[in-house]
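In: Need the 3D shape of this:
(one chain, ligands or ions: 1)
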Amino acid sequence: MYHAYSAQLADKTARLQHLLAPFAAPAPEVFASPPQHYRMRAEFRIWHDGDEICYAMFERGQKANRHSLIRLTEFPAACDSINAMMPRLLAAVRADEVLRERLYQCEFLATLSGEMLITLIYHKKLDDAWQAAVQRLQDGLGVWLIGRSRGQKIVLTQDFVTESLNVCGETLRYRQIEGGFSQPNALMCQEMLSWSCACAENVGGDLLELYCGNGNFTVPLSRRFRRVLATELSKTSVRAAQWNLSANGADNVDIARLSAEELAQAFSGSRAFRRLAEQNIDLHDFDFSTVLVDPPRAGVDADTLRLLRGFRHILYISCNPHTLADNLAQLGGSHRVLRCALFDQFPFTEHIECGVFLQSTASA
Ligand SMILES: C[S@@+](CC[C@H](N)C(=O)[O-])C[C@H]1O[C@@H](n2cnc3c(N)ncnc32)[C@H](O)[C@@H]1O
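Out: This is a model prediction of the structure:
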């Protein structure tokens, strides 16, 4: 297993180096994951065969349909606590017709801090009988449960877990809300946060952050800048970020619900946003030295890239090195790569998560 893992990581490293070669990037700093039991999130379809049920998943690389569903009893990529909970949940649901009937999907969200949230998704209306049964299930399993069906979301106790991450020797607490984005590999997440903090050490000035999610990077980076303006599109994530900033004493951060595209418009002055004015956020009050972006797989759009060009430093976290390379090419030499890192978020998959730290060639 160890040998196979090293070989796949070496292959990913070579692929990343090849993609970043046109930008004279230094050799990547490589962060290895545990090869198994690294995922804090997992979701499964529920396979029904008469009164019998089991977990199922679509075969990797196949079209998602009934024929590509494979049944499974364990999921080695998921963390130990999810694997331990899988048979207990299944046995309890199997034994109760109200819980079992028309159960379609089940989603696990676990933390290093030992909490777990499970969402049960149904193709039926969730009534009082279901609610009584699921309350017994929650009491028996000692996890938080949520039921979902078309137009229904029933939260028994809470719809979040609280994670504890160690970043540069500091323990940070993060609320992760069901349905909001959180980094799936918590150990790699700690490495990404610590690496980003090391890049930002001694940079000074203010930080602009786009795609901030639940404030994952915002919290530790706020310690390394005078002020931070963080923006994000998803309401759920902004709600989580507000809690996370406050719980970790990050009181030098303004957070606004704006898309990256809207923020670029606000900067260019082509559009004014009431959401900024209502929070007394004036872009002129900041002295931005650095911009952090952590976009979805599609990368950064053209208008936002134009905005990025004006910053002395860019910290770019990417879940898709192909769009990262496209974006670096579009920057057209305005910045050079000072540091580069590979975080093996998803061992034994094609997926490469990486980061680059850029400095403006004008300020070099
Ligand atoms: C890869 S996640 C990163 C989140 C966060 N940095 C973290 O580490 O958890 C990308 C985030 O971008 C947000 N997002 C997607 N499209 C966006 C857009 N056009 N503008 C701003 N945020 C967007 C998503 O809601 C998600 O939270």
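In: now do the same end-to-end measure for stretch 96-112.
Out: End-to-end distance of stretch 96-112: 30 Å, with C-alpha to C-alpha, to the nearest Å as the criterion.
In: Give me the three-state assignment for the residue in the chain that the ligand sits nearest to.
Out: Nearest residue of the chain to the ligand: residue 213, at 2.6 Å (C-beta to the nearest ligand atom). All C-beta spots, glycine's among them, are computed from the backbone N, C-alpha and C. Put simply, residue 213 is coil when judged by DSSP: H, G, I helix; E, B strand; the rest coil.
In: For it, give me its contacts.
Out: 180, 181, 182, 232, 234, 237, 240, 241, 294 (C-beta atoms under 8 Å, 6 or more residues apart in numbering).
In: Of those, which are in range of the ligand?
Out: By C-beta under 6 Å from any ligand atom, the members of the contacts of residue 213 lying near the ligand are 181, 182, 232, 234, 237, 294.
In: Could you tell me how many residues sit around the third one?
Out: Right, the one you point to is residue 232. Residue 232 has 27 neighbours, counted by other C-beta atoms under 10 Å.
In: Can you show me the helices along this protein?
Out: In the chain, the helices defined using DSSP state H lie at 2-20, 80-94, 97-100, 128-141, 186-200, 218-222, 235-247, 260-268, 274-277, 302-308, 321-331.
In: just those helices: most buried one?
Out: Of all those, helix 218-222 has the most neighbours on average by mean count of other C-beta atoms under 10 Å, namely a mean of 25.
In: Any idea how many residues pack against residue 351?
Out: The number of residues near residue 351, taken as other C-beta under 10 Å, comes to 14.
In: thought it was touching residue 322?
Out: No. Contact criterion C-beta atoms under 8 Å: residue 351 and residue 322 do not qualify, at 11.6 Å.
In: Might you enumerate the residues of the stretch 251-364 of the chain proximal to the ligand?
Out: 259, 260, 261, 294, 296, 319.
In: Can you tell me the closest non-neighbouring residue to the first one?
Out: So the one you mean is residue 259. residue 233 (4.7 Å; C-beta to C-beta, 6 or more residues apart in numbering).
In: any weak-confidence spans in this structure?
Out: 364 (pLDDT under 70).
In: Domain map for it?
Out: For the chain, automatic domain parsing gives the domain ranges 2-35+184-360, 41-161.
In: how about these in a markdown table, adding distance to residue 176?
Out: Converted to a markdown table, the domains of the chain look like this (distance: least, C-beta to C-beta, whole Å):
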| stretch | distance to residue 176 |
| --- | --- |
| domain 2-35+184-360 | 6 |
| domain 41-161 | 5 |
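In: Tell me which of those domains sits nearest to residue 172.
Out: domain 2-35+184-360 (5.3 Å; C-beta to C-beta).
In: Test my guess that residue 272 contacts residue 262.
Out: No. Contact criterion C-beta under 8 Å: residue 272 and residue 262 do not qualify, at 10.7 Å.
In: Count residues in the vicinity of residue 309, would you?
Out: Residue 309: 15 neighbours (other C-beta under 10 Å).
In: List phi and psi for it.
Out: phi -50, psi -30 (degrees, to the nearest 10).
In: Return the residues in contact with the nearest residue in space to it that is not next to it in sequence.
Out: Nearest residue to residue 309, sequence neighbours excluded (C-beta to C-beta, 6+ apart): residue 334, at 4.7 Å. Listed by C-beta under 8 Å, 6+ apart, the contact set of residue 334 reads 309, 360, 361, 362.
In: hmm, try it at 7 Å
Out: Contact analysis of residue 334 by C-beta atoms under 7 Å, 6 or more residues apart in numbering lists 309, 360, 361.
In: quick one: it from residue 359, how far?
Out: 10 Å (C-beta to C-beta, to the nearest Å).
In: In contact with residue 162, which residues?
Out: Contacts of residue 162 (C-beta under 7 Å, 6+ apart): 111, 113, 115, 173, 174, 175.
In: related to what we said a few turns ago, just put the contacts of residue 334 in CSV and tack on distance to residue 285.
Out: Listed next are the contacts of residue 334 as CSV, based on distance: C-beta to C-beta, whole Å:
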residue, distance to residue 285
309, 22
360, 22
361, 28
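In: Please report the number of neighbouring residues for residue 105.
Out: Neighbours of residue 105 using other C-beta under 10 Å come to 16.
In: quick one, what contacts it?
Out: So residue 105 contacts 43, 44, 45, 46, 121 (C-beta under 7 Å, 6+ apart).
In: Okay then, goodbye and thanks.
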